[in-house]
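Chemist: Coordinates only, no sequence provided:
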């Protein structure tokens, strides 16, 4: 759980209650659901902060003594009002100004590129729609009345198409898994 004061709570069910395993604070308002992958929690803030936090859940057998630590952080020029996507190797987030990817492979402790930007793509009109990935394509909407599809290969991204809508696209696109 997280809140607009930047407080993040790691919780576990305990009978009919929840037990707080740990809590920590990051600067800014967490207004969208963080993403958890392999012990790392990725949080974004309304002010444009991106935080990768090692929760300690993958290495620590004693859940009562967790000490989360920030692995890396970035400050974007524009705010973030969307959920991030983590694939295990890259983190994709959308700011009010576009779509961005960062190196996120943390299994190799010697990875000196972790947290480094891989690519960025400006999107006119602002983005409040969370991105969706399906089959190597990222789908995202914009306030400029468009739905976009970008093909990505990890280290690069190219616009595949855009579709003009009759209003701003503010929700995460739905993509059918069925093909014709």
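Modeler: Okay, I see it. Since we're looking at a predicted model, the values are computed, not measured.
Chemist: quick one: the helices in the chain?
Modeler: Secondary structure of the chain (DSSP state H): no helices present.
Chemist: so what's the most centrally placed residue in the chain up against?
Modeler: For the chain, the residue sitting closest to the mean C-alpha position, by CA atoms, centre = their mean, is residue 84 at 1.6 Å. Residues in contact with residue 84 (CB atoms under 8 Å, 6 or more residues apart in numbering) are 32, 34, 35, 42, 43, 44, 50, 91, 92, 93. In short, each C-beta sits where N, CA and C put it, glycine included.
Chemist: Quick check: which of those has the minimum pLDDT.
Modeler: Minimum pLDDT for the contacts of residue 84 is recorded at residue 91 (88).
Chemist: For that one, grab the count of nearby residues.
Modeler: Here the number of neighbours of residue 91 (other CB atoms under 10 Å) works out to 27.
Chemist: In the sheet, which residues pair with it? Tell me.
Modeler: For residue 91, the beta-bridge partners under DSSP bridges are residue 86, residue 102.
Chemist: what's the spacing between it and residue 74?
Modeler: Distance of residue 91 to residue 74, computed by CB to CB, to the nearest Å: 9 Å.
Chemist: any residues in contact with both of the two?
Modeler: The contact sets of residue 91 and residue 74 overlap at 50, 102 (CB under 8 Å, 6+ apart).
Chemist: ok, residue 53 touching residue 40?
Modeler: Yes - counting by CB atoms under 8 Å, residue 40 is a contact partner of residue 53 at 6.7 Å.
Chemist: Please say which of these two ends up with more neighbours.
Modeler: residue 40 (25 against 22).
Chemist: wait, what's in contact with the more buried one?
Modeler: Taking CB under 8 Å, 6+ apart as the test, what residue 40 contacts is 52, 53, 54, 55, 71, 86, 104, 106.
Chemist: so what's residue 167 closest to, chain neighbours aside?
Modeler: Excluding the flanking residues, the one nearest residue 167 by CB to CB, 6 or more residues apart in numbering is residue 145, at 6.0 Å.
Chemist: so what pLDDT did that neighbour get?
Modeler: Confidence score, pLDDT, at residue 145: 96.
Chemist: same question, residue 105
Modeler: 75.
Chemist: Equivalent analysis for the one 4 residues further on, please.
Modeler: pLDDT, the model's per-residue confidence, is 70 for residue 109.
Chemist: Quickly note the distance from it to residue 94.
Modeler: Residue 109 sits 29 Å away from residue 94, going by CB to CB.
Chemist: Repeat that for residue 54.
Modeler: Look at residue 54 and residue 94: by CB to CB, they are 24 Å apart.
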